[in-house]
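A.B. asks: Provided below are the primary sequence and the corresponding predicted coordinates.
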Amino acid sequence: MAGADERWVVKACDQRAIDERAVASGVGLDVLMESAGTNAADWILERLRPRRVVVLAGPGGNGGDAFVVARCLHRAGVEVACHALVPVSACSPATRRMSDRLEASGAEPIRSTSDNGLKAALHRADCAVDGLFGSGLTRPLSGEALRVVGWLNGSKTKTVSLDLPSGLASDAGEVLGEAVHADVTLAMAFLKPAHLLYPAAGSCGNTLVVDVAYPESALRAVERWSQVCERGAIRRRLPERRPDGHKGTFGRILVIAGSIGMTGAAILCCRAALRAGAGLVSLAVPASLDPILETALPEVITIPLPDEGGCLVGTADVRFDEAIERADVLAVGPGLSRAAATLDMVRATLDRFAGPIVLDADGLHALVGHEGLLGRLAGHTVLTPHPGELGALTGLPPLNIDAARRDRARAFASAHGIVLVLKGRPTAIGLPSGKVYLNPTGNDGLATGGSGDVLTGLIAGFAAGGASLADAALVGTYVHGLAAEVYARDCAPRTLIPSDLIERIPEALREIEG
């Protein structure tokens, strides 16, 4: 299994295969249910400290986990009312055994969800535990289950779902119909696609992973649908900072960005690169805009280049040649414009630079129709498109890309040998190896113009500091999202602007570095 700070995302069929291998190795379902339910109950007791809890149990393995939770809470002195969706006799054998242990513990008898007192009990409870259906559900809720979920959603009690909110399908971002709106979801050992893909993820609340006693033998050859880096994994990927370092030690970035009306994109990118710890940032800009950018960016060296109408048209400049020679990393594209001469200049620059490149926005448009150039970028480039920009590169409709963002990121990155950061919720980071990471941080405040320019600067800054391009992409995306979360602790996410994001980067990094 991945470490506690790098989580696997698996599909429902792979979760079942792990269960089957565990049983074949001699670890029975009872042991798995006991460990899952006990760890979930420990979390509830430690974090929520409830006095009255309603536990809802379904007929399958999720219900078995719920019965264990109920028993552990009862043992801890919590007043527990446990309601089963079907008669215990109709539950799976392992789930029946868990219900027998609950009743043998001296807890209140298990009642039916059709009990007239359930609705009132939900309103009185401090917490409700949703153990109706787990990752195996593939059809919309109906009948009694639909009625109970409606009652649960209509109550004001804090809801904790076991593994997945009932009503969601494990492997999809779509919502089948009515589903539990959980405050917290305790995923069992692994994250599932629905924990991360929207709109389903919006029903999960705060998703956390609890351990299950799987033997190592059951985890071999697991098909990982994706992976998620949590804080510890991001901390390990941060480039080291030598105490005796200097500006050359921490990397030189050449940013090629900005055009008439779009100087802000260049400013945001440069400031984010500096906040990521870059030692020196230079900015190649249209000469007519240089006075603006020199005033706005006192920490940045500007390199004014020939322009037409405020757009770059060439690189015939000794200072630019020197900057290319000195640069450890290029960041190309924010606010650059799609003027034909500008795109020619971008292509010429990409062709001559062999070091790490972060390519975004209008810079990506320079690759459209130039497959040969894209091939030459293999091994040393990060592309950061949104679905529309990736659509321009692939010929696929943006909606098609957004609906299968993990698959599209994986296919493009592995086909072209680059790191692909497909922006959106969640952002998917595809690596040339075929691995895909989904970023767990961020909020809707990031859906604003200029947010992507900040991301480009962050990735370039971490790459300049010595991180591999894969690590720079993972760290940059995580910090970008965490900075938005830091902002949202004090302000409404909808009010976030990119300058606010940059101001929160120091606090986000302090939290990561511990």
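C.D. replies: Thanks, I have it.
A.B. asks: When you work out contacts or count neighbours from here on, use the C-alpha atoms and nothing else.
C.D. replies: Fine.
A.B. asks: three-state assignment of residue 45?
C.D. replies: Following DSSP: H, G, I helix; E, B strand; the rest coil, residue 45 is assigned to helix.
A.B. asks: Do you know the pLDDT at residue 319?
C.D. replies: pLDDT, residue 319: 86.
A.B. asks: other SSEs contacting the helix or strand hosting it?
C.D. replies: Of the helices and strands defined by DSSP states H and E, residue 319 is found in helix 318-326. Using 3 or more Cα pairs under 8 Å, 6 or more residues apart in numbering; DSSP states H and E, the elements in contact with helix 318-326 are strand 252-256, strand 301-305.
A.B. asks: Can you say which of those strands is nearest to residue 412?
C.D. replies: strand 252-256 (24.5 Å; Cα to Cα).
A.B. asks: In its sheet, which strands sit next to that closest one, and in what direction?
C.D. replies: Applying DSSP bridges, strand 252-256 is found paired with strand 280-286 (parallel), strand 329-332 (parallel).
A.B. asks: Tell me the first helix or strand C-terminal of whatever helix or strand residue 407 lives in.
C.D. replies: According to DSSP H and E, residue 407 maps onto helix 405-416. Using DSSP H and E, the helix or strand that follows helix 405-416 in sequence is strand 419-422.
A.B. asks: Partner strands of that next one, with direction?
C.D. replies: strand 381-383 (parallel), strand 428-430 (antiparallel).
A.B. asks: what pLDDT, on average, does the first one get?
C.D. replies: Averaging pLDDT along strand 381-383 gives 98.
A.B. asks: Any chance you could list what contacts it?
C.D. replies: 356, 357, 358, 359, 360, 364, 418, 419, 420, 421, 469, 473 (Cα atoms under 8 Å, 6 or more residues apart in numbering).
A.B. asks: ok, of these, which one's closest to residue 202?
C.D. replies: residue 421 (21.9 Å).
A.B. asks: list the contacts for that closest one?
C.D. replies: Here residue 421 is in contact with 382, 383, 384, 385, 409, 427, 428, 429, 430, 473 (Cα under 8 Å, 6+ apart).
A.B. asks: I'd guessed the fourth one sits against residue 422; true?
C.D. replies: Okay, so that is residue 385. Yes. Under the criterion of Cα atoms under 8 Å, residue 385 makes contact with residue 422 at 5.4 Å.
A.B. asks: Deepest-packed of the strands paired with strand 252-256, please.
C.D. replies: strand 329-332 (a mean of 29; mean count of other Cα atoms under 10 Å).
A.B. asks: continuing past it, what's the next helix or strand?
C.D. replies: Criterion used, DSSP H and E; the element after strand 329-332 is helix 340-352.
A.B. asks: For that following helix, buried residues please.
C.D. replies: 341, 342, 343, 345, 346, 347, 349, 350 (16 or more other Cα atoms under 10 Å).
A.B. asks: Any chance you could list what contacts whichever helix or strand comes after that helix?
C.D. replies: Next helix or strand after helix 340-352 toward the C-terminus (DSSP H and E): strand 357-359. Identification of contacts with strand 357-359 by Cα under 8 Å, 6+ apart yields 329-333, 380-384, 456, 459-460.
A.B. asks: Just to check, residue 193 is in contact with residue 168?
C.D. replies: No. Using Cα under 8 Å as the test, residue 193 is too far from residue 168 to be in contact (10.6 Å).
A.B. asks: of those two, who's got more company?
C.D. replies: Higher neighbour count among residue 193 and residue 168: residue 168, with 31 against 23, using other Cα atoms under 10 Å.
A.B. asks: Residue 181 is in contact with the more buried one, correct?
C.D. replies: No. Contact criterion Cα under 8 Å: residue 168 and residue 181 do not qualify, at 10.2 Å.
A.B. asks: Go through the strands paired with strand 419-422 and pick out the most buried.
C.D. replies: It is strand 428-430: most buried of those by mean count of other Cα under 10 Å, with a mean of 30.
A.B. asks: Run through the strands of the stretch 51-200 of the chain in chain order.
C.D. replies: Remark: strands assigned in the stretch 51-200 of the chain by DSSP state E, counting those that start in this stretch are 52-57, 79-84, 111-112, 127-131, 158-162, 184-188.
A.B. asks: okay, those strands in TSV with mean neighbour count, mean pLDDT and distance to residue 102 next?
C.D. replies: Output for the strands of the stretch 51-200 of the chain, formatted as TSV (neighbours: other Cα atoms under 10 Å; pLDDT from 0 to 100; distance: least, Cα to Cα, whole Å):
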stretch	mean neighbour count	mean pLDDT	distance to residue 102
strand 52-57	26	98	12
strand 79-84	24	97	9
strand 111-112	18	95	12
strand 127-131	27	98	15
strand 158-162	27	98	17
strand 184-188	25	97	20
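A.B. asks: and residue 9, which of those strands is closest to it?
C.D. replies: Comparing these under Cα to Cα, the one sitting nearest is strand 184-188, at 10.4 Å.
A.B. asks: Now tell me what touches the helix or strand just after that closest one from outside.
C.D. replies: Next along the chain after strand 184-188, taking DSSP H and E as the criterion, comes strand 206-210. Outside of strand 206-210, the residues within contact range by Cα under 8 Å, 6+ apart are 36, 39-40, 183-191, 195.
A.B. asks: Try it again at 6 Å.
C.D. replies: Outside strand 206-210, the residues that touch it by Cα atoms under 6 Å, 6 or more residues apart in numbering are 184, 185, 186, 187, 188, 189.
A.B. asks: Likewise for stretch 147-159?
C.D. replies: With Cα under 6 Å, 6+ apart, stretch 147-159 has contacts from 123, 126, 127, 128, 129, 180, 182, 183.
A.B. asks: Having no further points to raise, I will conclude here.
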